[in-house]
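Visitor: sequence and predicted structure below; questions after.
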Amino acid sequence: MTTAATPSTPADSRGQVPAADDERRARAAWSRLAEPGDTAAGTLVSALGAPGALRWVGEVLGPATVPTGEGDGAAAVRLPRRSVEHLVEVVGALDQGTRRRLAAAVARWATRWHDLDPDRDLDRLESLGGTVTYPGLATWPVGLDDLGAAAPPCLWVRGAADVGPLVTRSVALVGARASTAYGDHVATDLAVGLADRRFTVVSGGAYGIDAAAHRGAVAAGAATVVLLAGGVDRPYPVGNAALLRQVLETGGAVVSEVPPGSVPSRTRFLQRNRLIAAAGRATVVVEAAWRSGALSTAAHAVGLLRPLGAVPGPVTSMASAGCHRILRDGSAVCVTDAAEVAELAGDLGADLAPERRSGSPEPGALGSAGGGPDGRGADARDTDGLDPDARRVVDALPVVRPAPVGSICRAAGLGEHDVRGALGMLELAGLAAQRDGGWVRVRRAGGRRAP
């Protein structure tokens, strides 16, 4: 065993710092202490606050006991009664399973406790001209809050400090590292077009599609955000170091949830993908093979109820097999240009893609081929006989990705009671269906109730 100071109060001289600075230092400490996506850490910080949670861990470990690394430390950690009672006062009763998970988490954190020095990490960031942001600050990307207990305690930022406002109107462009010339061309074109439409491009800074997306934004003179799996002082891959410098020079940001000096790893890459999906309004998979890591980002987007798009490729190209897979299973919407991506991610009514077809038939000219005798089409016939509220709910329902009731309420401009009543009626009429915890619109074919 070895001796360690409690990092929440490393020295008596630090006890008088302002509360806001305590929060900053505590969140920096948690960023070093817990691995990305550690929900035990997130739950504890949510319950006790970052400084309080850090003090609680210090009480559990005691002033002078951390594992030396000769064992895994798990057996050495027991939750003292007074620490458990303190937690119970805040969150309520803890069952045995929760206590075991907490003890296992503290055992994980114990291996880093003795080397915890948030001031060292913050000083390193300051030497790079960087800043830290965390929940509650105007610079925090509020979309990350949707990750719940898996949200990072803070973000380490180089470049544009106002990363939160920067990603308020953003799209994640992701895809394969081993991209084709077709994929690179599409990614660059999408990034340029999105920049022209005042969207920020978010990606991971990797080779292939990520790099092409960032280059497109830089070429358009627009800010782009790079989310790294390692520390912001460790450009990875090294071959993209010049690109990351260009990102900073054009007003963009290089961001990480792990402190300076942290090494990227496979686990951290996979966890980083949840941040890419959560940061902005939508995710688009530009080019991805069947087992591409970009599909991990797509899965996070679906889980967060974020719009997901995919670009189709040649049916003979294995490099696009992953895109075709998520298009076929209905989790993604087909997008082919920046206008369609903007429509997927943009403001209702303000970012619609232009109609492509020329010489479109006049209303009423479709006849029996596609519309009713009044020219309104099959969708209009579906809503015949519905009251105004039900029609508004139908208009608010997505066709592909299930939406929660709250989202439908906001889109329809109706209260929850009215929306739930309308959804029940629409479900009976075969116009709405519950899927994966949300609601989607169902279209009737040939006048028959949809399956």
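Guide: Perfect, thanks for sending it.

Visitor: which one is A161 nearest to, not counting chain neighbours?
Guide: T131 (4.7 Å; CB to CB, 6 or more residues apart in numbering). Any C-beta I mention is one placed from the backbone N, CA and C, and that applies to glycine too.

Visitor: run through the bridge partners of the one you found.
Guide: Note on T131: beta-bridge partners by DSSP bridges are V157.

Visitor: what's the per-residue pLDDT of it here?
Guide: At T131, the model reports a pLDDT of 97.

Visitor: so it makes contact with C154?
Guide: No - counting by CB atoms under 8 Å, C154 is not a contact partner of T131; they are 10.2 Å apart.

Visitor: do a quick rundown of the strands in the stretch 101-250 of the chain.
Guide: Here the stretch 101-250 of the chain has its strands, by DSSP state E, counting those that start in this stretch, at 131-133, 155-159, 170-175, 200-203, 224-227.

Visitor: need the mean per-residue confidence for the last one.
Guide: When the per-residue pLDDT values of strand 224-227 are averaged, the result is 98.

Visitor: that strand pairs with which strands, and in what direction?
Guide: Strand 224-227 pairs in its sheet with strand 200-203 (parallel), strand 253-256 (parallel), by DSSP bridges.

Visitor: save those strands as a markdown table, and put in distance to R108, mean neighbour count and mean pLDDT too.
Guide: Shown next, in a markdown table, are these (distance: least, CB to CB, whole Å; neighbours: other CB atoms under 10 Å; pLDDT from 0 to 100):
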| stretch | distance to R108 | mean neighbour count | mean pLDDT |
| --- | --- | --- | --- |
| strand 200-203 | 30 | 29 | 98 |
| strand 253-256 | 20 | 27 | 98 |
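
Visitor: check which helix or strand the closest residue to E427 other than its chain neighbours maps to.
Guide: Counting by CB to CB, 6+ apart, E427 lies nearest to A433, which is 6.5 Å off, once chain neighbours are set aside. Remark: A433 resides in strand 432-435, with elements defined by DSSP states H and E.

Visitor: same question for the next helix or strand after that strand, mean pLDDT?
Guide: Later in the chain than strand 432-435, the nearest helix or strand by DSSP H and E is strand 438-441. For strand 438-441, mean pLDDT is 89.

Visitor: and stretch 212-231, which residues are buried?
Guide: Across stretch 212-231, burial judged by 16 or more other CB atoms under 10 Å covers 212-218, 220, 222-231.

Visitor: any regions of the stretch 201-350 of the chain where pLDDT drops low?
Guide: Within the stretch 201-350 of the chain, the segments meeting pLDDT under 70 span 347-350.

Visitor: where along it do the helices fall?
Guide: 209-219, 241-249, 266-279, 294-303, 321-328, 338-345 (DSSP state H, counting those that start in this stretch).

Visitor: dump the residue contacts of L155.
Guide: V132, T133, Y134, W140, P141, L144, V163, V255, S256, E257 (CB atoms under 8 Å, 6 or more residues apart in numbering).

Visitor: who's in contact with T224?
Guide: Per CB under 8 Å, 6+ apart, neighbours of T224: A191, T200, V201, V202, S203, A213, H214, A217, V218, V247, T250, G252.

Visitor: what's the distance between the second one and R281?
Guide: Going from T200 to R281 by CB to CB, to the nearest Å gives 10 Å.

Visitor: what touches both of the two?
Guide: Common contacts of T200 and R281 (CB under 8 Å, 6+ apart): R169, S170, V171.

Visitor: out of those residues, which is nearest to G42?
Guide: For those, the residue nearest G42 by CB to CB is S170; the value is 23.2 Å.

Visitor: check that closest one and give its pLDDT.
Guide: pLDDT, S170: 97.

Visitor: just checking, it touches A277?
Guide: No - assessed by CB under 8 Å, S170 is found out of contact with A277, at 11.4 Å.

Visitor: neighbour count: those two, which is higher?
Guide: Neighbour comparison, S170 and A277: the larger count goes to A277, with 26 against 22 (by other CB atoms under 10 Å).

Visitor: which non-adjacent residue is nearest the more buried one?
Guide: H300 (3.7 Å).

Visitor: show me which residues of stretch 418-431 are buried.
Guide: Quick answer for stretch 418-431 (16+ other CB under 10 Å): D418, V419, R420, G421, A422, L423, M425, L426, A429, L431.
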